[in-house]
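# need coordinates for the following:
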Amino acid sequence: FLRDPQAGEFAHRVSEFDIRGRFNVPRSPQGRPVVFQAGDSDQGREFAASGADAIFSRHGTFDAGRAFYADVKGRLATYGRRPEDLLILPAATFVLGDTPADAAEKADVIRHQQVSGATAIAFLERVWNRDLSGYDPEGPLPDVEPLVEGDLIAKGRADARGQDLLATVARWRQVAEEGKLSIRELVIAETGRQNFIGTAAQVAAEINEFVQTDASDGFILVPHLTPGGLDEFADTVVPLLQERGVFRTEYTGETLRDHLGLPALTPPAGRTRTQAAARA
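As a prediction, this is how the structure comes out:
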């Protein structure tokens, strides 16, 4: 990577690229953009440990979260990194109510609105690798086995690669039989993220427990309503987290890296942020 630090010119030539030009923007004040990683394979976890700043994790339940947290954080030392260099932030939804029963009822209504019959069938087709449009989403699971060979019915959305489909279907049938679940109800049960459901006080306490016991470093909230879905959380749960001293009351930095509490990155030797901006 040949570059002229005085002129800001660069040239990069490999078998795939032959690029040359001049930088016309200053270096980011946070060193480089915050890198989020979202893969869950062993290779993906290793990649995150080697250089990502945060993981957008699907392991949001308590036990799964702690196991994932310990596994990924345990890989950091290999790359000379500390546990605080990588944040684990699972996706989570929330439903708030005046009472626990009220919140539970609202959550059930929301999930049934989110997963229509057509959505449930489309989800199953990704695993069965078959056209299941003839099945009733309010009825039992298909009585045929998934196709594990041949072309996928929808190459862009099928899950037939990299998983034991027969084992997955067998587990789903057991879950559906034990719970007397229809196709739609099973999909609702299997596709839900970590849900914080309850009063504002309950949700604040549960979120704090996850973070204090190394099940996550925080959460990326996925509201069920857009664009105002976070308003209720910000108005009721955030103040309780602030009272506990576990959430900021004001910003202390200017970048996303600052807000996430990630370590600052030092600009390359011999080049300060001011100098980079001046040359640009």
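# in the chain, where is pLDDT below threshold?
1-8, 23, 150-163, 266-280 (pLDDT under 70).
# ranges for the helices of it?
Along the chain, the stretches classed as helices by DSSP state H are 42-51, 62-73, 100-114, 117-128, 165-179, 183-191, 200-212, 231-243, 256-260, 273-279.
# what about the longest strand in the protein?
With DSSP state E applied, the strand covering the greatest number of residues in the chain is identified as strand 87-96.
# that one pairs with which strands, parallel or anti?
strand 54-57 (parallel), strand 194-198 (parallel), strand 220-221 (parallel) (DSSP bridges).
# give me the contacts around the shortest one.
To tie it back to what came earlier, the one meant is strand 220-221. Counting by CB atoms under 8 Å, 6 or more residues apart in numbering, the neighbours of strand 220-221 from elsewhere in the structure are 56, 89-94, 230, 233. All C-beta spots, glycine's among them, are computed from the backbone N, C-alpha and C.
# not counting sequence-adjacent ones, nearest residue to the spatially most central residue of the chain?
For the chain, residue 56 is the residue whose C-alpha lies nearest the centre (CA atoms, centre = their mean; 3.0 Å). If you skip the residues right next to it in sequence, residue 56 has residue 38 as its closest partner in space, 4.4 Å away by CB to CB, 6 or more residues apart in numbering.
# so which of the helices of the chain is nearest residue 79?
Evaluated with CB to CB, the helices of the chain place helix 42-51 nearest to residue 79, the distance being 5.0 Å.
# figure out how far that closest one is from the centre of its chain.
Distance of helix 42-51 from the chain centroid (CA atoms, centre = their mean, to the nearest Å) equals 15 Å.
# buried ones in that helix?
Neighbour counts over helix 42-51 (16 or more other CB atoms under 10 Å) mark 45, 48-49 as buried.
# name the nearest of those residues relative to residue 142.
Comparing the buried residues of helix 42-51 against residue 142 with CB to CB places residue 45 closest, at 33.2 Å.
# is the residue nearest to the centre of the chain bridged to anything, and to what?
With DSSP bridges as the rule, residue 56 is bridged to residue 89.
# surely it meets residue 37?
Yes: with contacts counted by CB atoms under 8 Å, residue 56 reaches residue 37, the gap being 7.2 Å.
# coming back round to it: got the buried residues of helix 42-51 as a markdown table, with distance to residue 26 columns?
Written out in a markdown table, the entries for the buried residues of helix 42-51 read as follows (distance: CB to CB, whole Å):
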| residue | distance to residue 26 |
| --- | --- |
| 45 | 34 |
| 48 | 28 |
| 49 | 30 |
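# on that earlier part again, ok, the residue nearest to the centre of the chain - contacts?
Contacts for residue 56 were tallied using CB under 8 Å, 6+ apart; they are 36-38, 89-91, 220.
# out of those residues, who's the most crowded?
By neighbour count, taken as other CB atoms under 10 Å, the most surrounded of these turns out to be residue 90 (24 neighbours).
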